[in-house]
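Chemist: attaching a predicted model along with its sequence, questions to come.
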Amino acid sequence: MPRPRPLSPHIQIYRPTMTMTMSIVHRITGVGLYLGTLILTWWLLAASSGPNAYSTVERFIGSYFGRVILFGYTWALIHHMLGGIRHLMWDVGYGFGPHEREWLARANLIGSAGLTLLLWAIGLLVVGGSR
Amino acid sequence: MKPEGFSIRTPASRVRGLGPARSGTGHFWQQRLTSVAAVFLTIAFFFVIASVLGRNHAAVVQILGSPLVAVVMLLFILNSVYHMWLGMQVVIEDYVHDDMPKLLCLMTNAFFSVVIALASVYAILKLSFGV
């Protein structure tokens, strides 16, 4: 039995690059945000249902687990948004150079982490953290 | 033109057929249109979230039910749901190759998106009209 003929290179054969990883992360954050709409819809339905339903959501949001989920959701939303802006730039023909695309990938990562921390710092300072 | 590629159809008629999916660049264009809208609506959404942080149920109901906030939330949700529907469709088409699982995933994607949109819109309208 001869060895199967090699097919076109798969993802395991390429050396991972920054832009490739960013593309995958863009998809993963997109799928995460997709599922995260369940929390947004739950929150809205609970608010429109009444105080009892709303307090259940509040308990979840206030819990350690809920906070971690919401922190991740904030980061995913900002990361996907900045990544989307990067894609829009490419769509109109800018930022394809080797240095530009590396720079954009870094800016996307640093920007999303920085903005997420900034928003949460503002949120926690304004709200005081406990409620 | 090679003989086997010969067709009596004019190039214009081929273009009007809009390819095998019959939608031409519609999917791509709508993805980009909703992504540009999403940038602005996401920023507006952060302001809405900031305004409800730490408030009790009665205050949240009042804020979400006020016309400006309700319209922003309706736009944010409808735009996001359409964007994520289109995005998830691409993810499914890329990774699910067998016909039946692909059909099931595409249908689930549609059902999920419509349910999320309808439930959220219903909740916001209920908060607005105060029934």
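Modeler: Yep, that arrived.
Chemist: near chain B, which residues of chain A? Just list them.
Modeler: A:27, A:30-31, A:33-34, A:37-38, A:40-41, A:44-45, A:47-48, A:50-51, A:54-55, A:77, A:81, A:84-85, A:87-88, A:91, A:119, A:122-123, A:126-128, A:131 (CB under 8 Å from any CB of the partner chain). For the C-beta atoms, the positions are set from N, CA and C on the backbone; glycine is no exception.
Chemist: now, these that are in helices?
Modeler: Counted as lying in helices by DSSP state H, out of the residues of chain A next to chain B, are A:27, A:30-31, A:33-34, A:37-38, A:40-41, A:44-45, A:47-48, A:51, A:54-55, A:77, A:81, A:84-85, A:87-88, A:91, A:119, A:122-123, A:126-127.
Chemist: residue contacts, the residue nearest to the spatial centre of chain A?
Modeler: When CA atoms, centre = their mean is applied to chain A, the residue found nearest the centroid is A:Ala76 (1.5 Å). Residues near A:Ala76 by CB atoms under 8 Å, 6 or more residues apart in numbering or on different chains: A:29, A:32-33, A:36.
Chemist: now with 10 Å, please.
Modeler: Counting by CB atoms under 10 Å, 6 or more residues apart in numbering or on different chains, A:Ala76 makes contact with A:25, A:28-36, A:112, A:116.
Chemist: next, count neighbours for B:Val48.
Modeler: By other CB atoms under 10 Å in any protein chain shown, 17 other residues sit near B:Val48.
Chemist: that one touches B:Phe76, doesn't it?
Modeler: Yes. Taking contacts as CB atoms under 10 Å, B:Val48 lies within contact range of B:Phe76: 8.0 Å.
Chemist: relative to chain B, how far out is the residue nearest to the centre of chain A?
Modeler: Here the criterion is CB to the nearest CB, to the nearest Å. By it, A:Ala76 lies 11 Å from chain B.
Chemist: nearest residue to that residue other than its sequence neighbours?
Modeler: A:Thr29 (4.1 Å; CB to CB, 6 or more residues apart in numbering or on different chains).
Chemist: and A:Arg67, by the same measure?
Modeler: Nearest to A:Arg67 is A:Ile61, by CB to CB, 6+ apart, at 7.4 Å.
Chemist: which residues touch A:Met34?
Modeler: For residue A:34 the amino acid is Tyr, not Met. A:76, B:80-81, B:83-85, B:87-88, B:91, B:109, B:112-113, B:116.
Chemist: and which of these is nearest B:Arg16?
Modeler: Closest approach to B:Arg16 among the contacts of A:Tyr34 (CB to CB): B:Trp85, at 26.0 Å.
Chemist: does the closest one sit in a helix, a strand or a coil?
Modeler: helix (DSSP: H, G, I helix; E, B strand; the rest coil).
Chemist: torsion angles phi and psi at the residue lying closest to it once chain neighbours are set aside?
Modeler: Closest residue to B:Trp85 apart from its sequence neighbours, by CB to CB, 6+ apart: B:Ser113 at 4.1 Å. Here is the backbone geometry of B:Ser113 (degrees, to the nearest 10): phi -60, psi -40.
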